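Undergrad: My questions concern the predicted model and sequence given below.
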Amino acid sequence: MRKVYTLLAILLVLTACQKERDESDILDIELNSALFNASDGVGRSFFKLPESNQLNEIPQDPQNPLTSQKVALGKMLFHETGLGVNPKDAVSLQTYSCASCHFAGAGFQAGIRQGIGEGGIGFGVNGEGRFHNPDYTPSDMDIQPLRTPSAMNGAYQKNLLWNGQFGATGVNRSLSDLWANVDDSSPLKVNDLGFEGLETQAIAGLGVHRMDCTPEMVEIGGYQSMFDAAFSDIPTPERYELSQAGLAIAAYERTLLANQTPFQQWLRGNNGAMSKSEKRGAIVFFETANCVGCHTGPALNSMEFHAYGMEDLEGAQVTNYDPDDVAHKGRGGFTKRTSDEYKFKVPQLYNLTDSPFYGHGGSFHSIRAVVEYKNNGQAENHNVPATQLSEEFEPLHLSSQEIEDLVLFLEHSLYDSDLKRYEPTELPTGNCFPNSDETSKGDLGCE
């Protein structure tokens, strides 16, 4: 009799396993269908991210072709605190880098709501411990008026920043009058060079954040051979200039791809990479809620601008808040068009959980809160006229289970757990990174 019970138990387990497999197979079929419809018949490949060493597969600026030497140089310069040579206060000399506000542990965002470059001290465990240097007045700090967007998956964005102001191509192709007559000191003037967004932002950002390639850093710091390898076609007098550093940084940023997530693994044929709940959440994303209407392609972003009525970067703990700052007008603050006001660029959606701030103002603190906000379709920012709100911003009527599954897809299926692979083990200068002030050194265990 015991053998009969054992056999029955085995049959029940096998039946349950088969049911599980059948249900998962059905979800795979449904998700494949949703992707096929969402990509106009292309299917899975439409959403695949290339490997970071597949340079020919990565979107790039024709004026800045990707090479392994250029990417290697950019990787170092992106993290190099030695570039911070022109601070307003000497106390911050060579203590900050591009990675101060865009580091791997935070999904290449800042680990705080309002990113701080110069004028910040400390790092904490994952960037949450970066604070204002008391030697600085708030007006002298290099601090962002909007939440720092991720530098990851930027290869799929022709234009950069929440308002899309950087990049002479893409949606800015016909807007050259907006930067043609500005002062040469304006970062917008870099658009005159004709590059795409990543290149333009990298070059402009180095100037805005008072960073430069000094002869000492290039020669003594060990960068000369890397510049020579990356820009052998550039005459020697120009080879080590700031613009070349910006192009190398942009080349590196184009390789920052979240291509090891469960969803990317599933796209490559590993149907077991996502759980049933995650697959149901993906179906909600690509079909039921039509999130893919805005968040599409390999990076799940787009070059569209929408007003969802989210709060601006303001509050008791925000520094230098100015209610009249044109940054709060989004795309309209750049184009000066009333029709563009309060509209912000659709962001990429990978590794969102690495930094607990969401929306252009960082007013949400969880992915669930953002999903519920969009599901309710009620604006929180009373400064945004109802006439400006996107047609896409309306109640979705998702059930609690659909919300649960969608959140799981966003939090887990789109999470690459090994972004540290994009960090250098050390810099040619030997400097600490992403910050090298004394407080950060202590936090990072770096000397």
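TA: Thanks, I have the structure now.
Undergrad: Quick check: L389 touching M310?
TA: No: contact between L389 and M310 fails when scored by CB atoms under 8 Å: they sit 10.8 Å apart. For glycine as for every other residue, the C-beta is placed from the backbone atoms N, C-alpha and C.
Undergrad: Touching both of the two, which residues are there?
TA: Taking CB atoms under 8 Å, 6 or more residues apart in numbering as the contact rule, L389 and M310 both touch A379.
Undergrad: for the residue nearest to D418 when sequence neighbours are not counted, helix, strand, or coil?
TA: Sequence neighbours aside, Q260 is the residue nearest to D418 in space, at 5.9 Å (criterion: CB to CB, 6 or more residues apart in numbering). What DSSP: H, G, I helix; E, B strand; the rest coil gives for Q260 is coil.
Undergrad: OK, contacts around the nearest residue to T288 once chain neighbours are set aside?
TA: The shortest distance from T288 to any residue that is not its chain neighbour, by CB to CB, 6+ apart, is 6.4 Å, and that residue is E402. With CB under 8 Å, 6+ apart as the criterion, the residues that contact E402 are 280-281, 284, 288-289.
Undergrad: Counting neighbours, which of the residues you listed comes out on top?
TA: Sorting the contacts of E402 by how many neighbours each has (other CB atoms under 10 Å) puts G281 first, at 30 neighbours.
Undergrad: give me every residue that touches the closest residue in space to that residue that isn't next to it in sequence.
TA: In this structure, G281 finds its nearest non-sequential neighbour in F409, 3.0 Å apart by CB to CB, 6+ apart. F409 sits next to 263, 274, 278, 280-282, 284-285 when contact means CB under 8 Å, 6+ apart.
Undergrad: if I look at F409, how far off is F263?
TA: Here the criterion is CB to CB, to the nearest Å. By it, F409 lies 8 Å from F263.
Undergrad: Next, show the common contact partners of the two.
TA: Looking at what touches both F409 and F263 (by CB under 8 Å, 6+ apart), the common residues are 274, 278, 282.
Undergrad: Can you show me the strands along the chain?
TA: Assignment of strands within the chain using DSSP state E yields the ranges 120-121, 131-132, 305-306, 344-345.
Undergrad: Redo those as JSON lines? Include mean pLDDT, mean neighbour count and distance to D192.
TA: Written out in JSON lines, the entries for the strands of the chain read as follows (pLDDT from 0 to 100; neighbours: other CB atoms under 10 Å; distance: least, CB to CB, whole Å):
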{"stretch": "strand 120-121", "mean pLDDT": "95", "mean neighbour count": "26", "distance to D192": "31"}
{"stretch": "strand 131-132", "mean pLDDT": "92", "mean neighbour count": "16", "distance to D192": "35"}
{"stretch": "strand 305-306", "mean pLDDT": "97", "mean neighbour count": "21", "distance to D192": "23"}
{"stretch": "strand 344-345", "mean pLDDT": "97", "mean neighbour count": "25", "distance to D192": "22"}
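Undergrad: Same list (those) but as CSV, adding distance to V171.
TA: Rendered in CSV, the data for these read as follows (distance: least, CB to CB, whole Å):
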stretch, distance to V171
strand 120-121, 32
strand 131-132, 35
strand 305-306, 8
strand 344-345, 9
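Undergrad: Those: which one's closest to S225?
TA: Within these, the stretch nearest S225 is strand 120-121; the backing value is 31.7 Å (CB to CB).
Undergrad: contacting residues around the closest one?
TA: Around strand 120-121, the neighbours that count as contacts under CB under 8 Å, 6+ apart are 96, 100, 130-133, 141-143, 435, 437-440.
Undergrad: Nearest residue to the middle of this structure?
TA: Among the residues of the chain, the smallest C-alpha distance to the mean C-alpha position (CA atoms, centre = their mean) belongs to S150, namely 1.9 Å.
Undergrad: you'd agree it is up against K345?
TA: No: counting by CB under 8 Å, S150 stays clear of K345, with 11.8 Å between them.
Undergrad: Domain-wise, how is the chain divided?
TA: According to automatic domain parsing, the chain is divided into the following domains: 35-52+259-413, 65-257+419-444.
Undergrad: how about a markdown table for those, with distance to D25 added?
TA: Conversion of the domains of the chain to a markdown table gives the following (distance: least, CB to CB, whole Å):
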| stretch | distance to D25 |
| --- | --- |
| domain 35-52+259-413 | 8 |
| domain 65-257+419-444 | 29 |
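Undergrad: Single out the most deeply packed of the ones you listed.
TA: Comparing the domains of the chain on average neighbours per residue, with mean count of other CB atoms under 10 Å, the densest one is domain 65-257+419-444 at a mean of 20.
Undergrad: now do the same end-to-end measure for that domain.
TA: End-to-end span of domain 65-257+419-444 (CA to CA, to the nearest Å): 35 Å.
Undergrad: Pull the contacting residues for T255.
TA: Shown in contact with T255 (CB under 8 Å, 6+ apart): 52-53, 55, 58, 66, 71, 155, 422.
Undergrad: repeat that with 7 Å
TA: Contacts were defined as CB atoms under 7 Å, 6 or more residues apart in numbering; by that measure T255 touches 52, 58, 71.
Undergrad: And for G362?
TA: With contacts taken as CB under 7 Å, 6+ apart, G362 has the following neighbours: 113, 147, 313.
Undergrad: go on, V208?
TA: Neighbours of V208 in contact, by CB under 7 Å, 6+ apart: P187.
Undergrad: How confident is the prediction for it, by pLDDT?
TA: At V208 the predicted local distance difference test score is 93.
Undergrad: Can we start the residue count at 32 from this point?
TA: Renumbered: residue one is now 32, and that last one reads V239.
Undergrad: re earlier: which one of the strands of the chain lies closest to F78?
TA: Once CB to CB is applied to these, the stretch that comes out nearest is strand 375-376, at 19.4 Å.
Undergrad: which sections of the stretch 282-431 of the chain are below the confidence cut-off?
TA: Scanning the stretch 282-431 of the chain for pLDDT under 70 picks out 347.
Undergrad: how about the helices of it, start to end?
TA: Under the criterion DSSP state H, counting those that start in this stretch, the stretch 282-431 of the chain contains helices at 293-298, 307-314, 362-366, 398-407, 431-439.
Undergrad: Tell me which of the ones you listed lies nearest to Y446.
TA: Ranking the helices of the stretch 282-431 of the chain by proximity to Y446 (CB to CB) places helix 293-298 first, at 7.5 Å.
Undergrad: picking that back up, where's the residue nearest to the centre of the chain relative to T384, distance?
TA: From S181 over to T384 the distance is 12 Å, taken as CB to CB.
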